[in-house]
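A.B. asks: quick one: sequence plus predicted model below, questions after.
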Amino acid sequence: MPGISDDDAYPPEGGVSQTSPADNTHVLNGIRSLHDRMDELQRVVAQRLESAGMPATSLLHAHVEGAHPQLPAWRRRTEGEARWQVALCTAVAIALQVAVPDRLSLLSPSWALPALQGVMLLCLIIANPRRINRQSRWLRAFGLTLAVLISFANVWSLERLAVGLVNGNQHWHAGSLLITGGSIWLTNVIVFGLWYWEFDRGGPVARALGANPYPDFQFPQMVSPEMAPPHWEPQFADYLYLAFTNAAAFSPTDVMPLSRWAKLAMTLQSAISIVTVALVVARAVNILQ
């Protein structure tokens, strides 16, 4: 081709082009300038991190080792909650209904409805014995039905007790009245713990799958994650504690309701607890006098 010499078409032997010393000096100066800018950038970033209370060395080590921050367990997918906590407390709530006299029971004899509830609980345990992580509509509907039966039977007993105490047409000994009132109050605690556990963020299975990021109850570990291990997530015992403190103090303590249904449910539980305690204690004191 015209305009291209043999020297241009064929590079020197070895395929390495020849550069002048001036070109080498220019490249070295560019590399030194790039290193100086990188050092300055590292110094500025380190100062910013130190002023924010984040050691730059630990952050760099975490990046090198691949130790990236991980979401807390209550916000990510987990293996699911163990069955035994909720099963044990539900069994206690069922057994407490046997202590209620026949005149306050929804069905007669007083053991008939608890026996049915016990069979339903056994079916739930057999269907999902270890961890609650199976998404099934009929299992959830079955569990909610059991909670409804326990709740309705307990409210019925409380209504019968309250009407009898107000009208004065029931004769009680102080000891039996306190035992009956205590059974109704404790069943109320367990059953509201079940409701909180069943509906917070869509229920236990939805929480295990991480389906809903917005909680209905704010536990202290959620706002202070540094005070809890990374694998912490609310389980039934946490909801039972919430129900107990709400029934005892008639108001939230360390767990705050966020959604409207959670606020209304806690209000209803407090009202039931106030009625139970006020009527039973007042009548028991009057009998003892």
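C.D. replies: Perfect, I can see it now. Everything numeric in this text was worked out from a predicted model, so none of it was measured.
A.B. asks: residue ranges in the stretch 1-150 of the chain under the pLDDT threshold?
C.D. replies: For the stretch 1-150 of the chain, the stretches flagged by pLDDT under 70 are 1-24, 27, 49-69.
A.B. asks: okay, strands next: where are they in it?
C.D. replies: Along the stretch 1-150 of the chain, counting by DSSP state E, counting those that start in this stretch, strands occupy 81-82, 131-132.
A.B. asks: return the distance of the last one from the chain's centre.
C.D. replies: So the one you mean is strand 131-132. Relative to its chain's centre, strand 131-132 lies at 14 Å (C-alpha atoms, centre = their mean, to the nearest Å).
A.B. asks: for that strand, name the packing helices and strands.
C.D. replies: Contacts defined by 3 or more C-beta pairs under 8 Å, 6 or more residues apart in numbering; DSSP states H and E place strand 131-132 against strand 81-82, helix 204-209. (C-beta placed from N, C-alpha, C; glycine too.)
A.B. asks: what domains does the record give for this structure?
C.D. replies: Taking automatic domain parsing as the reference, the chain has its domains at 22-69, 79-288.
A.B. asks: surely residue 149 and residue 117 touch.
C.D. replies: Yes. With contact defined as C-beta atoms under 8 Å, residue 149 counts as touching residue 117 (5.7 Å).
A.B. asks: more crowded one of those two?
C.D. replies: residue 117 (22 against 19; other C-beta atoms under 10 Å).
A.B. asks: wait, the more buried one touches residue 147, no?
C.D. replies: No. Contact criterion C-beta under 8 Å: residue 117 and residue 147 do not qualify, at 9.8 Å.
A.B. asks: show me where the stretch 1-150 of the chain has its helices.
C.D. replies: For the stretch 1-150 of the chain, the helices defined by DSSP state H, counting those that start in this stretch cover 6-9, 21-51, 56-65, 84-98, 112-127, 137-167.
A.B. asks: rebuild these as JSON lines, extending it with distance to residue 77.
C.D. replies: Output for those, formatted as JSON lines (distance: least, C-beta to C-beta, whole Å):
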{"stretch": "helix 6-9", "distance to residue 77": "64"}
{"stretch": "helix 21-51", "distance to residue 77": "31"}
{"stretch": "helix 56-65", "distance to residue 77": "23"}
{"stretch": "helix 84-98", "distance to residue 77": "20"}
{"stretch": "helix 112-127", "distance to residue 77": "22"}
{"stretch": "helix 137-167", "distance to residue 77": "18"}
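A.B. asks: most packed of the ones you listed?
C.D. replies: helix 84-98 (a mean of 19; mean count of other C-beta atoms under 10 Å).
A.B. asks: report the angle between the axes of that helix and helix 137-167?
C.D. replies: Put simply, helix 84-98 runs at 40 degrees to helix 137-167, going by axes from the mean of the first three to the mean of the last three C-alpha atoms, to 10 degrees.
A.B. asks: give the other helices and strands that helix 84-98 contacts.
C.D. replies: helix 112-127, helix 137-167, helix 174-199, helix 236-249.
A.B. asks: give me the pLDDT for residue 217.
C.D. replies: Note for residue 217: predicted pLDDT of 95.
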